[in-house]
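1. sequence first, predicted model second:
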Amino acid sequence: MVSDWWHKDYHSVIDEIMAPGFRGQTISDNNLIQGKMMFNCSMVARDDKTPCHNHAGVAKFRFQKGKTHRLRFINTGSQGTERISIDGHTMTVIANDLTPIIPYDTKVIILGTGQRVDVVVKADAGRLDSAFWLRATLSPCSVAKQHFAQAAIFYDDADENELPDSKAWPDEDPNTCANDELYLTQPLYPIQVPEPSFTQEMDIGVIINETDHFLWTFDGESPRVDYNHPTLLAAKEGNLTCFGSEAGIYDYGSNSSIRINIWNPLIAPHPMHAHGVEMYVLSQGPGKWDGSTITNPNNPLRRDVHMVQGGGHLVVQIDTWNTGLWAFHCHIAWHAAQGFFTQFLFNSHEVTELDIPDSIYQTCREWDAFTSRTVVDQIDSGI
Ligand SMILES: [Cu+2]
């Protein structure tokens, strides 16, 4: 697990960013591998009462010399894009978001929030008593107080009490937070992208609303959910007309495959995440999409989180086989809180036939009863 880290708890950060007049960004305090990283206590903010210990320690892993090891990385952070490497070792990428891919070698993995990558790496870079740093670095396109995380990898006979002194690979970070070039990443099991039955244009934007709140918009809306009015249950009753555009629902009827052209005219990059489905990733890069170029159309990358860079585009496509209502959103926690999400409804005529477990209805009844006695302070979009 690699993760940016805030000393404040989640709700305190949300309180900060959802305050009227807030215009900035929330800045992480540290960067962690497997939940650990040192922190220089002289950097603790004056109003930060978190107990702080210098030399808190790093995560430690053991490699057997000569053996090939599989590492499964996940970016469990809230905001930052990580660049991951192991000193002296080349990694072979074998899966993106659980989709096996044709293996390729790299020295640096780029991992946006919520993304997962599987690699294999051979322990052949030193002696039986060698030790190396595993590094995760928050790219400068992600604001952070402390960008660097390190964990120690010890070969068989290495002394765990002595930290590695290995040197990092030279890393020329283009500072775009973009994922690897799409021509590098082809699934092991090929699927040709079908002709879309519908193409959706989705522009990213920001607004300051009437209450002086900074919000993200997606296709011109900044949706929020109503905790007492779940959209899936409404869709099952065939009654979505009661929701206004602020619910961000896109009813694609019986369309079989939706192409989504995301244009990001602003400087911030975003990890775009689809629930319930995988996305064909057809095109990414600076500027607007030319409307036709697809990378590997006979076998495009498929995954469920992919970065759109600042001033750039991301074109994805979703086959709608998984009937239901699925969130499609930015995976940066604060951006989702500020309204950067939509809900895709696939096969609405079949949703009415969905079998929704009694336990879900029971939860809704209990929630309704609770909220009839208690005013819930919904301080953000609610997702
Ligand atoms: Cu975002």
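-> Cool, got the structure. Residues are numbered from 1 along each chain as shown.
2. how close does whichever residue of the stretch 101-250 of the chain sits closest to the ion get to residue 71?
-> With C-beta to the ion as the measure, residue 216 is the residue of the stretch 101-250 of the chain nearest to the ion, at 6.6 Å. Glycine gets a C-beta too; all of them are placed from N, C-alpha and C. Summarising the geometry, the distance separating residue 216 from residue 71, computed by C-beta to C-beta, to the nearest Å, is 33 Å.
3. list, one by one, the residues from the chain near the ion.
-> Counting by C-beta under 5 Å from the ion, the residues of the chain lying close to the ion are 270, 330, 332, 335.
4. tell me, how many residues neighbour the first one?
-> By other C-beta atoms under 10 Å, 27 other residues sit near residue 270.
5. report the beta-bridge partners for the residue in the stretch 151-300 of the chain that the ion sits nearest to.
-> Taking C-beta to the ion as the measure, the stretch 151-300 of the chain has residue 270 as its residue closest to the ion, at 3.4 Å. The residues listed as beta-bridge partners of residue 270 by DSSP bridges are residue 308.
6. so it makes contact with residue 306?
-> No. Residue 270 lies out of contact with residue 306 (C-beta atoms under 8 Å); the separation is 9.7 Å.
7. isn't residue 164 up against residue 88?
-> No. Using C-beta under 8 Å, residue 164 is not in contact with residue 88; the gap is 9.6 Å.
8. what residues are shared contacts of these two?
-> When contacts are counted by C-beta atoms under 8 Å, 6 or more residues apart in numbering, residue 164 and residue 88 have residue 132 as shared neighbours.
9. ranges for the strands of the stretch 201-350 of the chain?
-> Listed in chain order, the strands of the stretch 201-350 of the chain (DSSP state E, counting those that start in this stretch) span 214-218, 249-251, 257-264, 270-274, 279-286, 301-303, 305-308, 312-319, 324-330, 341-346.
10. the fourth one versus strand 279-286: what angle between them?
-> For the pair strand 270-274 and strand 279-286, the angle between their directions (axes from the mean of the first three to the mean of the last three C-alpha atoms, to 10 degrees) equals 160 degrees.
11. which residues sit against strand 270-274?
-> Counting by C-beta under 8 Å, 6+ apart, the neighbours of strand 270-274 from elsewhere in the structure are 81, 112-115, 204, 262, 264, 304-308, 314, 316, 318, 326-332, 335, 340, 344.
12. again, 6 Å this time
-> Contact partners of strand 270-274, identified using C-beta atoms under 6 Å, 6 or more residues apart in numbering, comprise 112-114, 304-308, 328-331.
13. likewise the last one?
-> In this structure, residues lying in contact with strand 341-346 by C-beta under 6 Å, 6+ apart are 218, 231, 248-252, 320, 323, 325-329, 383.
14. list the buried ones in that strand?
-> Using 16 or more other C-beta atoms under 10 Å as the burial criterion, the residues of strand 341-346 that qualify are 341-346.
15. from the residues you listed, pick the one nearest residue 185.
-> Taking C-beta to C-beta as the measure, residue 185 lies nearest residue 344 of those, at 23.8 Å.
16. quick one, helices of the stretch 1-150 of the chain?
-> 10-17 (DSSP state H, counting those that start in this stretch).
17. can you give me the strands for it?
-> Listed in chain order, the strands of the stretch 1-150 of the chain (DSSP E, counting those that start in this stretch) span residues 2-5, 30-33, 60-62, 68-74, 82-86, 91-96, 99-106, 109-111, 116-122, 131-138, 148-154.
18. now those strands in TSV, with mean pLDDT and mean neighbour count?
-> As requested, those are arranged in TSV below (pLDDT from 0 to 100; neighbours: other C-beta atoms under 10 Å):
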stretch	mean pLDDT	mean neighbour count
strand 2-5	97	25
strand 30-33	97	24
strand 60-62	97	15
strand 68-74	98	15
strand 82-86	98	23
strand 91-96	98	20
strand 99-106	97	14
strand 109-111	96	24
strand 116-122	98	19
strand 131-138	98	24
strand 148-154	98	21
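19. no further questions, thank you.
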